[in-house]
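Engineer: quick one, structure for this:
(one chain, ligands or ions: 1)
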Amino acid sequence: MEELRVGVVGAGGMGSRHARNLVFRGPGTRVVAVADADVARARALAAECGAARVYEDGRQLVEDPEVDAVVVASPDPTHAGYVLACLEAGKPVFCEKPLATRADEAGAIVQREVALGRRLVQVGFQRRYDPEFRALRRALSDGAVGRPVLYRAWHRNVRAAFAPDTSMAVLVNAAIHDLDEIRWLSGQEVDVVHSVVGCRVDPSLAEGVYDLQLIQLGLRDGALALVELNLSAAYGYEVGIEVSGDRGTVTAGLPGGVVTRAEGRCTRAVPPDWLERFDAAYAAEVVAWVDHVRRGQPWPNAWDGYASLVVAEACAEALATGRPVRVALEATPPLYGQEDG
Ligand code: ISE
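Structural biologist: You can find the predicted model right below:
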């Protein structure tokens, strides 16, 4: 099988992580080009990955005929533009989440793919490749807890990875994972955002920017979901979910690993960030992407990226108005169908 020649747009934390995973943990690929507005950073990553080409402008990388497929891991607001450029060039693209920062931009990507009649976009919702979350998904589909009626998720960062200037930015950069996770685990679309309330934990944030949000959702099958998102939890990075069914509960994300008993204490370590917590998932998702590129079946796909943004916008509206917001999501186009990875 021919080697896939990959170009990486964005040489920051996630771009570097994906590039290294492709080079050192992903068989059948070569990273041939790196682009970043900070050319020195692009050059350093290119040197590490053995990539010959360096660009300041990601669009030039997308158009490079030596590049077969693209990883987009630039700042969130630039994602949609690069993904559309990849679709114009007919190149498969792995886009770090979020697919866009607004639902209408993500909707334009879906429309473009539907017009092309093939799927070229995979979105970096890495939790879908985490062994523990996948085991929980299997337990649910095996009926281990009966009919799921409540999804109770938590998502805690030590501190925000960036300085959010709006509560919407918090939803789009961080809660988007939880919204996708609930869609994936339940196999349901969100029907209504019952409420979103917020609290400013980090006093350096502007007033009205909530780094702690509690999100209550209703799913189309009548099940409920509650997400606790806290970007300023200080003590470590934790992500988990408990799903209650009508016969039991199943939980992923409880502290695991080595237990130390010393000095009158019994302790387990909590990871400092998502790079450590989801190390295996990040490797698995790009390895799967390479395979998906060959089969033309990226997962999670552009529809997943779009649907989660529609819910995020409804959450922002519920937060701003204090009222429930019905989620107006059109029918899934047949191009996407019902699937699991
Ligand atoms: C970050 O951008 C991620 O994608 C992490 O997975 C998430 O947990 C974190 O909250 C985001 O800021």
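
Engineer: from here on, contacts and neighbour counts on C-alpha atoms
Structural biologist: OK.

Engineer: list the residues that contact H177.
Structural biologist: F125, R127 (CA atoms under 8 Å, 6 or more residues apart in numbering).

Engineer: distance of it from R200?
Structural biologist: According to CA to CA, to the nearest Å, H177 stands 20 Å off from R200.

Engineer: helices of the stretch 201-341 of the chain, residue ranges please.
Structural biologist: Applying DSSP state H, counting those that start in this stretch to the stretch 201-341 of the chain gives helices spanning 274-277, 279-295, 302-321.

Engineer: how about the residues of the stretch 201-341 of the chain by the ligand?
Structural biologist: For the stretch 201-341 of the chain, the contact set with the ligand under CA under 6 Å from any ligand atom comprises W274.

Engineer: what's around L254, how many residues?
Structural biologist: 12 (other CA atoms under 10 Å).

Engineer: can you show me the strands along the stretch 201-341 of the chain?
Structural biologist: Secondary structure of the stretch 201-341 of the chain (DSSP state E, counting those that start in this stretch): strands located at 212-219, 224-230, 238-245, 249-252, 259-262, 265-268, 325-326.

Engineer: and the ones you listed as TSV, adding mean pLDDT?
Structural biologist: Formatted as TSV, the strands of the stretch 201-341 of the chain follow (pLDDT from 0 to 100):
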stretch	mean pLDDT
strand 212-219	98
strand 224-230	98
strand 238-245	98
strand 249-252	98
strand 259-262	96
strand 265-268	96
strand 325-326	98
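
Engineer: among the helices of the stretch 201-341 of the chain, which is the most enclosed?
Structural biologist: Neighbour counts (mean count of other CA atoms under 10 Å) averaged over each of the helices of the stretch 201-341 of the chain peak at helix 302-321, with a mean of 23.

Engineer: what residue in the stretch 201-341 of the chain comes nearest to the ligand?
Structural biologist: As assessed by CA to the nearest ligand atom, the ligand sits closest to W274 within the stretch 201-341 of the chain, at 5.2 Å.

Engineer: and T78, helix, strand or coil?
Structural biologist: The three-state label given to T78 by DSSP: H, G, I helix; E, B strand; the rest coil is helix.

Engineer: separation between it and A85?
Structural biologist: According to CA to CA, T78 and A85 sit 11 Å apart.

Engineer: center of this structure, which residue is that?
Structural biologist: Centroid-nearest residue in the chain, with CA atoms, centre = their mean: F125, separated by 2.9 Å.

Engineer: surely that one touches P300?
Structural biologist: Yes: the pair F125 and P300 passes the contact test of CA atoms under 8 Å, sitting 7.0 Å apart.

Engineer: whatever residue of the chain ends up closest to the ligand: neighbour count?
Structural biologist: When distances are taken as CA to the nearest ligand atom, the chain reaches nearest to the ligand at A174, 4.1 Å away. A174 has 22 neighbours, counted by other CA under 10 Å.
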